[in-house]
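Peer 1: Here is the input, now give the coordinates:
(2 chains)
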Amino acid sequence: MVIKDFSLVLFTMLGQMAVGLAIMAALRPQTAEGPSEGKLKTHWLVAGCLLVAGLIASFFHLGHPGGSVLTLTHLSNSWLSREVLAFGVFGALLAATWLTLLKSGTGSLLGRIAAAVGIIAVLVSGMVYAPPGFPALNNISPLVLFLLTAFILGSALASYFADDKLQPTLTMVLAVSLIVGLVINLLLPSMWLAGNKAAQMTGQNFLSSGWFWARIVLEFVIPLVALAAMKKIAVWVPVLVVFGELVGRIMFFGSVVHSAATIGGLQ
Amino acid sequence: MSKKQLGFFVDVKRCIGCFSCAMACKNQYHQEKEVVWRQVYPVSEEIYPHRQSAWLSLACNHCQNPTCLKVCPVKAYFKRDKDGVVVHEQDKCIGCGNCIRSCPYGAPRYNPVAKKAEKCSLCWQRLDAGLKPACVQGCPAKALQLVDVNQFADPEAVQYIAGFPKFAALNPSVRFRAPSQPRVIRR
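Peer 2: Alright, predicted model coming up:
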């Protein structure tokens, strides 16, 4: 497995994890009273901390992090500029939701707006990583994969903070996301094999990798069997899911073949 | 009349694979060891199955719709109105690598010393001084020429040749002439 752009692996994964947690938090009753009061605050706080960690990681892939504020200057055309703005707004809304929750004990509307903006941020992020340079990804697949990551990681990790009432909903969301994720992750390499040379090489990289199959088993098959058997998210399931997503994201950045690698050969 | 758009005409029929164009570029700009603005790619035997070789000498294609310019978050790229040359302003670059990932032709490269991207400038300073680009000047076989692709009407010239990825949306400003088939003498 080739590890490339690890800072981007962390940024995208942590950012999507934060969005997923925000979506699941927005599904909960937003009154911070009673026995689940502490857990609701922690739920939003963890989402915010993950986003901050992701944003810090993103600075490490810049040659000159000092110029990062200038990335907002090309909003008219650059999806990267839009990604910075979208995650910035999402972060501000997360902070506002948490502060409101601390002060007044409710933050339902703000939280839902934060979750909606988070989904937009994930889609915008998907556009950044769908460039012509990588024919295998120059389509809708990064958007779908990123959104799936948000739902899989969000629902799995939210099980640590949710009260008993929300657990069946989280179990359902995780099960559906894992089934969709399993199907898409099995179909994508086959579709790539039918593409141009760079896409074919990408498909071969994935299908011949032991990490790819390990991810399929650890992130999808075992958790799905566990969910079916236990009817709830066991405490070890999020660990497997996070590991699987990490492997998947490393392969996303390291095993997808750039078009320039095929110059001079059959396309 | 359409706007002027300068680009390279790569005459694969004449190219002898001597790498003089790549060397001329290095001599002109003295890029870091790992950084290559012009690369000479061998054409694979699947495409040209002969004992002699064919080569594609490629640099930035100064596309009519450059993806590097579109994706750069800090507007470090611009396209000159007068001749369509795509210029990278390295002072503005923050080294995010987005252009490197996006360009399907691998034209922008990462300079690990400057921690910024860089690419072929089509020697715009030389053009403005009435000179040819260094690579064109350095080619001993006249296999590399500078042309206005909007006016260039060589009947043998094509925009996409086998071995060169097709990305129609970018409209790369490059033209090729295919290599000739070797003469086979049978007894």
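
Peer 1: Can you verify my assumption that A:G264 contacts B:L56?
Peer 2: Yes. The pair A:G264 / B:L56 is scored as a contact, 5.8 Å apart, by CB atoms under 8 Å. For the C-beta atoms, the positions are set from N, CA and C on the backbone; glycine is no exception.

Peer 1: any residues in contact with both of the two?
Peer 2: Common neighbours of A:G264 and B:L56 (criterion: CB atoms under 8 Å, 6 or more residues apart in numbering or on different chains): B:Y41, B:V43, B:G163.

Peer 1: residue contacts, B:V36?
Peer 2: Applying CB under 8 Å, 6+ apart to B:V36 gives the contacts B:A22, B:R109.

Peer 1: how much space between it and chain A?
Peer 2: With distances taken as CB to the nearest CB, to the nearest Å, B:V36 is found 11 Å from chain A.

Peer 1: tell me the secondary structure for that residue?
Peer 2: coil (DSSP: H, G, I helix; E, B strand; the rest coil).

Peer 1: same check, this time on A:L170
Peer 2: Three-state call for A:L170 (three-state DSSP): helix.

Peer 1: Do you know the pLDDT at residue 155?
Peer 2: Let's take chain A. What the model reports for A:S155 is a pLDDT of 97.

Peer 1: actually it's chain B I care about, not the one you picked
Peer 2: At B:P155, pLDDT is 94.

Peer 1: give me the number of residues near it?
Peer 2: Look at B:P155: counted by other CB atoms under 10 Å in any protein chain shown, it has 5 neighbours.

Peer 1: in what helix or strand does it lie?
Peer 2: Per DSSP states H and E: B:P155 is located in neither a helix nor a strand.

Peer 1: returning to that earlier point: out of the shared contacts of A:G264 and B:L56, which are buried?
Peer 2: Buried residues within the shared contacts of A:G264 and B:L56, counting neighbours by 16 or more other CB atoms under 10 Å in any protein chain shown: B:Y41, B:V43, B:G163.

Peer 1: ok, residues contacting the longest helix that chain B contains?
Peer 2: Secondary structure assigned by DSSP state H gives helix B:20-29 as the longest helix of chain B. Contacts to helix B:20-29, defined as CB under 8 Å, 6+ apart, come from residues B:31, B:36-40, B:57, B:59, B:120, B:123, B:134-140, B:144.

Peer 1: Give me the average confidence score over it.
Peer 2: 97.

Peer 1: what's the burial count for the residue in chain A positioned nearest to chain B?
Peer 2: For chain A, the residue closest to chain B is A:G63, as judged by CB to the nearest CB, at 2.0 Å. A:G63 is flanked by 17 other residues according to other CB under 10 Å.

Peer 1: Just say helix, strand or coil for it.
Peer 2: What three-state DSSP gives for A:G63 is coil.

Peer 1: Can you tell me the closest non-neighbouring residue to the residue in chain B positioned nearest to chain A?
Peer 2: Evaluated by CB to the nearest CB, chain B has B:G95 as its residue closest to chain A, separated by 2.0 Å. Spatial nearest neighbour of B:G95, excluding adjacent residues (CB to CB, 6 or more residues apart in numbering or on different chains): A:G63 at 2.0 Å.

Peer 1: I'd guessed the one you found sits against B:K115; true?
Peer 2: Yes. Using CB under 8 Å, A:G63 is in contact with B:K115, at 3.0 Å.

Peer 1: tell me, what's touching those two both at once?
Peer 2: Common neighbours of A:G63 and B:K115 (CB under 8 Å, 6+ apart) are B:G95.

Peer 1: re the thing from before, pLDDT score assigned to the residue of chain A closest to chain B?
Peer 2: 96.

Peer 1: And for A:E33?
Peer 2: Per-residue pLDDT puts A:E33 at 57.

Peer 1: cool, and the one 5 residues further on?
Peer 2: As predicted, A:G38 sits at a pLDDT of 62.

Peer 1: which residues touch the residue sitting nearest the centre point of chain B?
Peer 2: Residue closest to the average C-alpha location in chain B (CA atoms, centre = their mean): B:A59, at 2.6 Å. Neighbour list for B:A59: B:F8, B:C25, B:W37, B:R38, B:Q39, B:A107, B:K119, B:C120, B:L122, B:C135 [criterion: CB under 8 Å, 6+ apart].
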